[in-house]
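Engineer: using only what follows, build the 3D model:
(one chain, ligands or ions: 2)
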Amino acid sequence: MQKQTVAFSRESSNLFFHILTKCNLSCSHCYINQDQHGADTLDIETIEAWLGLFSAKAPSTNLIFLGGEPTLHQDLSLAVKAAKRFGFKSITIDTNGYLFHDILDRISSDDIDYLSFSLDGATPGTNDAVRGKGSYDKVLEGIKKAVGKGFSCSMIYTVSARNRHELKQMPGLVRNLGIKRFFIQVIGIRGASAGHPLQVSKKDWLGTIPETAEKIAGQGIIVTYPKVFLDPEDKFECAGNVAENFFVFPNGRVYQCPICEDFPLHSHEIRQNRLVPMPRLNEKDLFSLNIPEGCVMNKLLQPRNLAYDRDGKPEHRIACCMLKEEIMPSRTTL
Ligand code: SF4
Ligand code: SF4
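Structural biologist: Ligands and ions are numbered 1, 2, ... in the order given. Presented below is the predicted three-dimensional model:
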């Protein structure tokens, strides 16, 4: 197996496109905040126009369709085909597993690179307590159907104090599911999670995540998880300064840092199908602040994962939330 930190690069960008905010579930940690992101569903003409705004770099841009639940959009299949015409480097649909509007019959496995399913527990009890009754079964059923139709599937597990204890059971659960990638995410303190102390301590994170990630990778699955805590020799970099990530919401807000999505700090806005920079002060003015704690947004908005020694020095620096560790299974385990 080969473990590496995925370096930031302007050569490869990511476009996280929320085409609507509506959802059939109401997960307890949902990061969608309709006060900030609106309740619009973009029509297909607008989706195509907005994809066009990012199309100059399409061949080096990974596009992820998100919601709410993107399969609730009746024209998601047309949006995928438009993205394909623009030539995006990769196309992913993130789903909660309900796969509305017969999406698996309306697109083919050649149209997208990944269908990514969110599951937040190894058992229905834990997952459904977070994501809603019946959602565990829907995810497993959806993966089965999608794999059967030849789609490449991945899984996203968002770790919080409510489900960290079940992460160790995930290697057993995913063993025969046929997924190709497994993403571990850390819970963000925004949307429905704001104000709830669900973050995982450094000790718990480091005591669970790397070991579980290796076990899953040992089964031939590519595993990606956020670095979170920088080692003393690691260099800190803010993706807002050195990479290109765009988080687009249906009310036109475009963020470059997901941590500040609960606030009107977006650096751009789409107005009349044009991408317009926002006046100061916005997130971009904060990216260059050099602080001993590492990520400035973390310090401002979710400082609970910081600790200081007696001299007031931070005990560790927090990495950019977009800095990932990736474990590639070796050829022999594939
Ligand atoms: S986290 Fe995703 S699936 Fe859950 S309520 Fe929010 S948008 Fe829906
Ligand atoms: S998470 Fe922190 S380091 Fe990353 S883009 Fe946001 S402000 Fe920058």
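Engineer: all helices of this structure, in order?
Structural biologist: Assigned by DSSP state H, the helices in the chain fall at 34-37, 44-53, 76-86, 103-106, 124-131, 135-148, 170-174, 202-217, 239-242, 283-287, 296-301.
Engineer: export the ones you listed to a markdown table and tack on distance to residue 21, mean pLDDT and mean neighbour count?
Structural biologist: The way it works is simple: take the backbone N, C-alpha and C, and place the C-beta from them, glycine included. Formatted as a markdown table, these follow (distance: least, C-beta to C-beta, whole Å; pLDDT from 0 to 100; neighbours: other C-beta atoms under 10 Å):
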| stretch | distance to residue 21 | mean pLDDT | mean neighbour count |
| --- | --- | --- | --- |
| helix 34-37 | 5 | 93 | 16 |
| helix 44-53 | 14 | 98 | 18 |
| helix 76-86 | 14 | 98 | 19 |
| helix 103-106 | 18 | 98 | 17 |
| helix 124-131 | 17 | 97 | 19 |
| helix 135-148 | 18 | 98 | 18 |
| helix 170-174 | 29 | 97 | 18 |
| helix 202-217 | 29 | 94 | 17 |
| helix 239-242 | 23 | 96 | 17 |
| helix 283-287 | 20 | 97 | 17 |
| helix 296-301 | 20 | 93 | 20 |
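Engineer: want to throw those into TSV with distance to residue 311?
Structural biologist: Output for the helices of the chain, formatted as TSV (distance: least, C-beta to C-beta, whole Å):
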stretch	distance to residue 311
helix 34-37	38
helix 44-53	48
helix 76-86	52
helix 103-106	55
helix 124-131	39
helix 135-148	47
helix 170-174	40
helix 202-217	19
helix 239-242	29
helix 283-287	26
helix 296-301	18
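Engineer: of those, which approaches ligand 1 most closely?
Structural biologist: Closest to ligand 1 of the helices of the chain is helix 124-131 (C-beta to the nearest ligand atom; 5.9 Å).
Engineer: any chance you could list what contacts that closest one?
Structural biologist: 25, 27-29, 96, 118-121, 134-137, 139, 160, 162-163, 166 (C-beta atoms under 8 Å, 6 or more residues apart in numbering).
Engineer: now swap in stretch 85-92 and tell me
Structural biologist: By C-beta under 8 Å, 6+ apart, stretch 85-92 touches 12, 15, 51-52, 55, 58-65, 80, 83-84, 111-116, 154.
Engineer: give the contact list for residue 240.
Structural biologist: 256-257, 283-284, 287.
Engineer: flag every buried residue along stretch 274-281.
Structural biologist: Burial within stretch 274-281, assessed by neighbour count using 16 or more other C-beta atoms under 10 Å, is assigned to residue 278.
Engineer: what parts of the stretch 201-334 of the chain come near ligand 2?
Structural biologist: 238-240, 257, 259, 287, 295-298, 320-322 (C-beta under 6 Å from any ligand atom).
Engineer: for those residues, which one is nearest residue 221?
Structural biologist: residue 322 (21.2 Å; C-beta to C-beta).
Engineer: what sits closest to the closest one if chain neighbours are left out?
Structural biologist: Nearest residue to residue 322 in three dimensions, chain neighbours excluded: residue 239, at 4.4 Å (C-beta to C-beta, 6 or more residues apart in numbering).
Engineer: now for the residues of the stretch 201-334 of the chain next to ligand 2: which two are most distant?
Structural biologist: 296 and 322 (13.9 Å).
Engineer: verify the stated contact: the residue nearest to residue 322 with residue 297.
Structural biologist: No. Residue 239 is beyond contact range of residue 297, at 10.8 Å (criterion: C-beta atoms under 8 Å).
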